[in-house]
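# Take this sequence and fold it.
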Amino acid sequence: MNKERLQKEVDDNYSFFKRHKNEISPEYAEKFVLIRQQKFIDYYSTKEDAITAGRSEYEDGLFSVQKVSDEMVDLGSIGYALHVYSQDYAFAII
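Coordinates of the predicted model:
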């Protein structure tokens, strides 16, 4: 997995989420959204379910998971992504 490619996917997805968060239906509040290539893919009740779906759907491991919440936590450009490397997968929880 190319770390630069992963970082670009994470950065692009996080920017997309911030710009389009207000378009998410209130019914998905407090759920976890799977994001891929700056698109909201689906919503899950748990972070683990979203990660499992991402791993299953995207063999390259390039996806992000974000909690749908009114509270935005800004940890800075380095700290907001948790990169997880496991076997052939690399993804980010943002």
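
# State the pLDDT value of the closest residue to residue 24 other than its chain neighbours.
Leaving aside its sequence neighbours, residue 24 sits nearest to residue 68 (CB to CB, 6 or more residues apart in numbering; 5.6 Å). For the C-beta atoms, the positions are set from N, CA and C on the backbone; glycine is no exception. Reading off the confidence values, residue 68 has pLDDT 91.

# which ones are touching residue 68?
Applying CB atoms under 8 Å, 6 or more residues apart in numbering, one finds that residue 68 lies in contact with 21, 24, 28, 29, 30, 31, 32, 33, 43.

# from these, which is closest to residue 50?
Comparing the contacts of residue 68 against residue 50 with CB to CB places residue 32 closest, at 4.2 Å.

# To what extent is the closest one buried, counted in neighbours?
Residue 32: 23 surrounding residues under other CB atoms under 10 Å.

# Quickly list what it is bridged to.
With DSSP bridges as the criterion, residue 32 is bridged to residue 44, residue 67.

# Among the contacts of residue 68, which one lies nearest to residue 64?
residue 33 (8.6 Å).

# The closest one contacts residue 39, doesn't it?
No: look at residue 33 against residue 39 with CB atoms under 8 Å: they stay out of range, at 10.1 Å.

# So which of these two has more stuff around it?
A direct count of neighbours by other CB under 10 Å for residue 33 and residue 39 places residue 33 higher, at 20 against 10.

# Tell me who's in contact with the more buried one.
Residues near residue 33 by CB under 8 Å, 6+ apart: 17, 24, 40, 41, 42, 43, 44, 50, 65, 66, 67, 68.

# show me where this structure has helices.
Secondary structure of the chain (DSSP state H): helices at 3-20, 47-57, 76-79.

# Most neighbours of all the contacts of residue 68, which one?
The most neighbours of any of the contacts of residue 68, using other CB under 10 Å, belong to residue 32, which has 23 neighbours.
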